[in-house]
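K.L.:
Fold the following, please.
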Amino acid sequence: MLTVDLDRLRVAAGDHLLDMGCGGGRHAFAALRRGARVVAFDADLGELKQVRDMVDAMRAEGEVPPAGFGLTVQGDALSLPFADGAFERIIAAEVLEHIPDDASAIDELARVLAPGGRIAVTVPARLPERVNWALDDDYHDFPGGHVRIYRQRDLERRLQESGLVLRGSHHAHALHSPYWWIRCAGGVNNADRLLARKYHDVLVWQIMKNPRVLRWADAALNPVIGKSLVIYAEKP
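P.N.:
Got it, this is the predicted structure:
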């Protein structure tokens with residue numbers, strides 16, 4: 001299940017795309033299937049190994065178009081090892097909330113984005129995140145955890161201060177917000193409670209089958225309790 005709308009990001013075959021803070025690689029894989037030339041970038045070597053293994057499996061199964069190419073790179077978001085303007089498309093999904101100096105990270109993303117290129121940045125949306133923080137400190141208070149809660153206007157201002165032009169926004173994953181409220185209400189590290197397990201089963205059903213009733217519910221609730229805020233921007 002993707003957070004970023006690759007159509008709104010205008011990802012096409014042959015595009016050089018950076019997935020900064022790629023994690024498990026879901027956006028990288030989707031872009032690769034479109035034939036993009038993807039660099040999956042993360043600080044976690046363990047995550048990157050899993051991404052490499054998946055890319056190899058996709059290639060072996062013929063899921064990567066001829067124009068597609070996948071590469072993994074380990075490094076620091078505050079010092080990206082890429083030339084100015086190296087990428088036509090950038091995704092930074094659910095990563096800036098982990099970085100104390102997010103302004104410098106955004107400056108780096110703007111630096112490596114090509115003129116005319118587009119970027120999608122996603123962070124936890126303010127309302128669901130405030131509930132999580134209020135219910136359980138363990139949700140965010142750990143090494144590498146979330147260091148801030150964003151207001152949309154503040155994140156948009158930081159993107160503009162880096163020279164980017166805003167190109168729209170939306171919220172995603174509304175049905176995920178109650179799951180995390182349930183988790184936090186009973187202790188976020190106690191995922192084995194019955195209600196949390198049952199709700200998790202619903203989310204797995206959504207991810208695997210995406211039935212119409214859940215698509216409608218997600219779309220209706222996204223503007224109110226969408227778990228993720230997605231902002232699109234362009235470099236002049």
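K.L.:
how about the strands of this protein, start to end?
P.N.:
16-20, 37-42, 69-74, 87-93, 113-124, 165-172, 228-234 (DSSP state E).
K.L.:
Let's have those strands in JSON lines, adding mean neighbour count and distance to residue 104.
P.N.:
Glycine gets a C-beta too; all of them are placed from N, C-alpha and C. Below are the strands of the chain laid out as JSON lines (neighbours: other C-beta atoms under 10 Å; distance: least, C-beta to C-beta, whole Å):
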{"stretch": "strand 16-20", "mean neighbour count": "26", "distance to residue 104": "13"}
{"stretch": "strand 37-42", "mean neighbour count": "26", "distance to residue 104": "16"}
{"stretch": "strand 69-74", "mean neighbour count": "17", "distance to residue 104": "19"}
{"stretch": "strand 87-93", "mean neighbour count": "26", "distance to residue 104": "13"}
{"stretch": "strand 113-124", "mean neighbour count": "22", "distance to residue 104": "14"}
{"stretch": "strand 165-172", "mean neighbour count": "16", "distance to residue 104": "20"}
{"stretch": "strand 228-234", "mean neighbour count": "22", "distance to residue 104": "17"}
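K.L.:
Which one, of those, ends up nearest to residue 8?
P.N.:
Evaluated over the strands of the chain, closeness to residue 8 peaks at strand 228-234, with 5.7 Å, by C-beta to C-beta.
K.L.:
what's the first-to-last distance across stretch 149-167?
P.N.:
22 Å (C-alpha to C-alpha, to the nearest Å).
K.L.:
For it, list every residue counted as buried.
P.N.:
Of all the residues in stretch 149-167, those buried under the rule 16 or more other C-beta atoms under 10 Å are 149-150, 155-156, 158-159, 162, 164.
K.L.:
Identify the residues contacting residue 113.
P.N.:
When contacts are counted by C-beta atoms under 8 Å, 6 or more residues apart in numbering, residue 113 is found next to 85, 87-88, 90, 119, 164, 235.
K.L.:
what's the nearest residue to it if we skip its chain neighbours?
P.N.:
residue 235 (4.6 Å; C-beta to C-beta, 6 or more residues apart in numbering).
K.L.:
rewinding a little: with respect to residue 133, which of the strands of the chain lies nearest?
P.N.:
Shortest distance between residue 133 and the strands of the chain, using C-beta to C-beta, is found for strand 113-124: 9.7 Å.
K.L.:
what pairs with the closest one, and is each one parallel or antiparallel?
P.N.:
Applying DSSP bridges, strand 113-124 is found paired with strand 87-93 (parallel), strand 228-234 (antiparallel).
K.L.:
I'd like those strands as a markdown table, with mean pLDDT and distance to residue 194 appended.
P.N.:
Putting the strands paired with strand 113-124 into a markdown table (pLDDT from 0 to 100; distance: least, C-beta to C-beta, whole Å) gives the following:
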| stretch | mean pLDDT | distance to residue 194 |
| --- | --- | --- |
| strand 87-93 | 98 | 31 |
| strand 228-234 | 98 | 27 |
